[in-house]
Each structure stands twice: as structure tokens, then as C-alpha cells.
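A.B. asks: A structural model of the following input is requested.
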Amino acid sequence: MAILKNKDIKNMGKEELNKKLQELKMELIKSRAQRAQGAAIKTKEIKRTIARILTHINIKKTDGHHALKGEV
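C.D. replies: Presented below is the predicted three-dimensional model:
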């Protein structure tokens, strides 16, 4: 799965964000299992993307009252 950038996440709807979040969580579980077997996986990037999505979901929940850093 490609790592999502903020501008891509910003353009997604609520349902799409939740779907992508579930996909990334499953991918994180799989990557942890592969890492335990010795494979090099980008677990850190997956975690960062999950954090980005959760941040945007929380911003949309609060109706945009809290601006992202640099978006004042």
C-alpha cells in the first residue's frame, strides 16, 4: 500500500478515511508478523499514516475548530 500524504488524506471523505484506517491497521498487523520472521517492513511509515488519518478524523469531528499546524 502506498503511504498517503496529508493532501491526499485531506481530500478524502469520512467513510473513505475510516475504510483506509481499517486497511492500514490490518497491514500493520501483517507487517509485525513479517518483521518477526526477519523481513524488513516499513512499520514506522504505516504507523505515521495511521496517525495522520486519525488526526484528520478528529479535526473533522471538531468541525475544524483546531487548525493543523501551518494551516492558520
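A.B. asks: which residue is nearest the centroid of this structure?
C.D. replies: By Cα atoms, centre = their mean, the chain has its centre lying nearest to Ile50, at 2.5 Å.
A.B. asks: That residue against Leu24, yeah?
C.D. replies: Yes - with contact defined as Cβ atoms under 8 Å, Ile50 reaches Leu24; the gap is 5.1 Å. Just so you know, the C-beta spots here come from the backbone N, C-alpha and C atoms, and that holds for glycine as well.
A.B. asks: Contacts only, for Ser31.
C.D. replies: Ile41, Lys42, Thr43, Ile46 (Cβ atoms under 8 Å, 6 or more residues apart in numbering).
A.B. asks: List the ones among the residues you listed that fall in helices.
C.D. replies: Thr43, Ile46 (DSSP state H).
A.B. asks: Same list, the contacts of Ser31, but as a markdown table with pLDDT please.
C.D. replies: A markdown table is the format used below for the contacts of Ser31 (pLDDT from 0 to 100):
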| residue | pLDDT |
| --- | --- |
| Ile41 | 74 |
| Lys42 | 83 |
| Thr43 | 85 |
| Ile46 | 90 |
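A.B. asks: Of the contacts of Ser31, which is the most crowded?
C.D. replies: Across the contacts of Ser31, neighbour numbers were computed from other Cβ atoms under 10 Å; Ile46 holds the maximum, 20 neighbours.
A.B. asks: wait, isn't that residue in contact with Glu27?
C.D. replies: Yes - counting by Cβ under 8 Å, Ile46 does reach Glu27; the two are 5.8 Å apart.
A.B. asks: Can you give me the buried ones in stretch 20-34?
C.D. replies: Along stretch 20-34, these residues count as buried under the neighbour rule (16 or more other Cβ atoms under 10 Å): Lys20, Leu21, Leu24, Glu27, Leu28, Ser31.
A.B. asks: In TSV: these, plus secondary structure and distance to Met12.
C.D. replies: TSV is the format used below for these (DSSP: H, G, I helix; E, B strand; the rest coil; distance: Cβ to Cβ, whole Å):
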residue	secondary structure	distance to Met12
Lys20	helix	7
Leu21	helix	10
Leu24	helix	13
Glu27	helix	17
Leu28	helix	19
Ser31	helix	22
